[in-house]
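Enquirer: missing the sequence, but the structure's below:
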């Protein structure tokens, strides 16, 4: 049986909670913080402009060799200006559970992402994770980190802001 992996990122954002939440609670902004080489595109016709519990968002993404994959997530939990959770309903992982937390601090907003994921295909999925999936996810979150800094500004942070387990 395949292992459940996790990653955690923490980023300080020099903005107020309203501006930060407005940006991250809009599905349309996902493309702005996703690497262009993934071919990420929202294809939902009725995904709405602001997230809400029960919302379904559909995407096309090309993470391997430019081959487009269908991915559907559901926003399962939302507490305004505190957190939201998206879970894969259909897509490349056996499990994808992504928590987004927002906390006001004296330096701005501390945004914490916690992702639990499981690869399909048992042992072969674990090998794929070791060979390239883990590294690709790190690059995606590093890109996101940089994109958020470009949008909101930079706050000095520790080097261990992306942690895999």
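Expert: Now that the structure is in, tell me what you want to look at. Note that the coordinates shown come from a computational prediction; the quantities given were computed from them, not determined experimentally.
Enquirer: and residue 78, how many residues sit next to it?
Expert: Applying other CB atoms under 10 Å, we find 19 residues neighbouring residue 78. Any C-beta I mention is one placed from the backbone N, CA and C, and that applies to glycine too.
Enquirer: That one reaches residue 53, doesn't it?
Expert: Yes. The pair residue 78 / residue 53 is scored as a contact, 5.0 Å apart, by CB atoms under 8 Å.
Enquirer: wait, residue 104 sits on residue 17?
Expert: Yes. The pair residue 104 / residue 17 is scored as a contact, 5.5 Å apart, by CB under 8 Å.
Enquirer: the more surrounded of the two?
Expert: Neighbours around residue 104 and residue 17, counted as other CB under 10 Å, are more numerous at residue 17. The numbers are 16 against 13.
Enquirer: how close does that one sit to residue 105?
Expert: For residue 17, the distance to residue 105 equals 10 Å [CB to CB, to the nearest Å].
Enquirer: How about residue 90?
Expert: Look at residue 90 and residue 105: by CB to CB, they are 36 Å apart.
Enquirer: now do residue 92
Expert: Note on residue 92: its distance to residue 105, by CB to CB, is 34 Å.
Enquirer: Please enumerate the helices of this protein.
Expert: 17-24, 122-128, 134-152 (DSSP state H).
Enquirer: can you put those in a markdown table and add mean pLDDT and distance to residue 48?
Expert: As requested, the helices of the chain are arranged in a markdown table below (pLDDT from 0 to 100; distance: least, CB to CB, whole Å):
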| stretch | mean pLDDT | distance to residue 48 |
| --- | --- | --- |
| helix 17-24 | 97 | 14 |
| helix 122-128 | 89 | 33 |
| helix 134-152 | 94 | 22 |
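Enquirer: can I get the ones you listed in JSON lines with distance to residue 42?
Expert: Formatted as JSON lines, the helices of the chain follow (distance: least, CB to CB, whole Å):
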{"stretch": "helix 17-24", "distance to residue 42": "15"}
{"stretch": "helix 122-128", "distance to residue 42": "26"}
{"stretch": "helix 134-152", "distance to residue 42": "16"}
